[in-house]
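# Below are the sequence and a predicted model for it; my questions follow.
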Amino acid sequence: MNGEIIKALENIERQLHEAAEDAMKFNQGNNSAGTRVRKAMQNIKGLAQYVRVEVQEQKNSVTT
């Protein structure tokens, strides 16, 4: 894996942790935290797609 994939995965991990904290706040009635959770999940979705595409491209470019 190249460094960009690792950075994307670390970013996903960080955002997921922050989203979990905001989800707890949302469960306590903080509606703004719910908005942040939704935004974080959308960002994570995009990063996950990027990782999928990069891994597939690298896998396909390997000559055996």
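Happy to help now that I have it.

# hey, where'd the helices end up in the chain?
Secondary structure of the chain (DSSP state H): helices at 3-27, 31-61.

# Mean pLDDT and mean neighbour count for the ones you listed - can I get that in TSV?
From N, CA and C alone the C-beta is placed, and that goes for glycine too. Converted to TSV, the helices of the chain look like this (pLDDT from 0 to 100; neighbours: other Cβ atoms under 10 Å):
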stretch	mean pLDDT	mean neighbour count
helix 3-27	97	14
helix 31-61	96	13
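
# contacting residues around the closest residue to N43 other than its chain neighbours?
Closest residue to N43 apart from its sequence neighbours, by Cβ to Cβ, 6 or more residues apart in numbering: Q15 at 5.8 Å. Applying Cβ atoms under 8 Å, 6 or more residues apart in numbering to Q15 gives the contacts A40, N43, I44, L47.

# and what of Q56?
So Q56 contacts nothing (Cβ under 8 Å, 6+ apart).

# Roughly how far does it sit from N27?
Using Cβ to Cβ, to the nearest Å, we find Q56 at a distance of 37 Å from N27.

# One more: K59?
Taking Cβ to Cβ as the measure, K59 falls 40 Å from N27.

# what does L16 give?
Note on L16: its distance to N27, by Cβ to Cβ, is 16 Å.

# A19 too?
Note on A19: its distance to N27, by Cβ to Cβ, is 13 Å.

# do Q49 as well
For Q49 relative to N27 (Cβ to Cβ), the value is 28 Å.

# Repeat that for Q15.
Taking Cβ to Cβ as the measure, Q15 falls 18 Å from N27.

# And for A48?
In terms of Cβ to Cβ, A48 sits 24 Å off from N27.

# again, but for A20
11 Å.

# T35 now?
T35 is 14 Å from N27, by Cβ to Cβ.

# and if you look at E18?
15 Å.

# go on, E54?
34 Å.

# Ok, K7 next?
From K7 to N27 the distance is 31 Å (Cβ to Cβ).

# Skipping its backbone neighbours, what lies nearest E4 in space?
Nearest to E4 is E54, by Cβ to Cβ, 6+ apart, at 6.8 Å.
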